[in-house]
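Participant: Below are the sequence and a predicted model for it; my questions follow.
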Amino acid sequence: MLKESITKALSEQVNAEYYSAYLYLAMSAYCDQMGLKGCANWLHIQAKEEMAHGTHMFEHILERGAMPSFAEVKAPVTNFDNLTSLFAQVLSHEQYVTERINHIASLAMQENDHATYDFIQWYVKEQIEEEATAEEILQKLKLFGENSGMLYNLDKEMSTRVFVDPFAAANP
Ligand code: OFO
């Protein structure tokens, strides 16, 4: 059975993952309105990944015999200055999520909850990828500026992303 402190931290993280999904849906809508359908696709799939992150955490709480708590999912920002600042926000949001995940890992260790510590390691690794991907896109945008040729190519590249539940793929 999960300790109350771990149940609380994981439940709050489920909420945070759903907030991430909501934020990326707002970003996806912004890109769609700008005519950047590929970027809109990439962010929409990112939102689906976030929901999967939250759902697998929710399942872990239930599997360990605890009752998750639920809270309101806060509204995301909906207006962005441009694509570069949007991806700068993606990166800083992922850095914030990494801090939260690290806190859960530390708490699990402190509470001697090896099962949660083991479970959360997948998220620790996932955050490395989340930050690296956002950083790569941001670097491209900063390097080439938002000139139309570059945006066209980037948008085309982003349109190829398809959804694969990353947690389920790694934990068959
Ligand atoms: Fe769930 O990793 Fe992004 O926020």
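Facilitator: That came through, no problem. The shown structure was predicted, so the numbers you read here are calculated from the model rather than taken from an experiment. Residues are numbered from 1 along each chain as shown.
Participant: contacts and neighbour counts: CA atoms only from here.
Facilitator: Will do.
Participant: residues from the protein in reach of the ligand?
Facilitator: With CA under 6 Å from any ligand atom as the criterion, the chain comes near the ligand at residues 17, 20, 50, 53, 94, 97, 127, 130.
Participant: from these, which single one is nearest residue 74?
Facilitator: residue 20 (9.9 Å; CA to CA).
Participant: Pick out the residue of the chain closest to the ligand.
Facilitator: The ligand sits closest to residue 50 of the chain, with a gap of 4.7 Å, by CA to the nearest ligand atom.
Participant: and stretch 9-28, how far out from the chain's middle?
Facilitator: Stretch 9-28 sits 7 Å away from the centroid of its parent chain (CA atoms, centre = their mean, to the nearest Å).
Participant: can you list contacts of it?
Facilitator: Around stretch 9-28, the neighbours that count as contacts under CA atoms under 8 Å, 6 or more residues apart in numbering are 39-44, 46-51, 53-55, 57-58, 61, 68-78, 80, 86, 100, 104.
Participant: how close does the residue of the chain positioned farthest from its centre get to residue 141?
Facilitator: Of all residues in the chain, the one whose C-alpha sits farthest from the chain's mean C-alpha position, using CA atoms, centre = their mean, is residue 149 at 28.6 Å. In this structure, residue 149 and residue 141 are 12 Å apart, going by CA to CA, to the nearest Å.
Participant: re earlier: what about the residue of the chain closest to the ligand, how many neighbours?
Facilitator: Other residues lying near residue 50 total 23 when counted by other CA atoms under 10 Å.
Participant: Output the contacting helices and strands for the helix or strand hosting it.
Facilitator: In this assignment (DSSP states H and E), residue 50 forms part of helix 37-63. Packed against helix 37-63 by the contact rule (3 or more CA pairs under 8 Å, 6 or more residues apart in numbering; DSSP states H and E) you find helix 4-34, helix 148-158, helix 166-170.
Participant: which of those is buried the deepest?
Facilitator: helix 4-34 (a mean of 21; mean count of other CA atoms under 10 Å).
Participant: mean confidence score for that helix?
Facilitator: On average, the pLDDT along helix 4-34 is 98.
Participant: same question, stretch 119-131
Facilitator: The average of the pLDDT scores along stretch 119-131 is 97.
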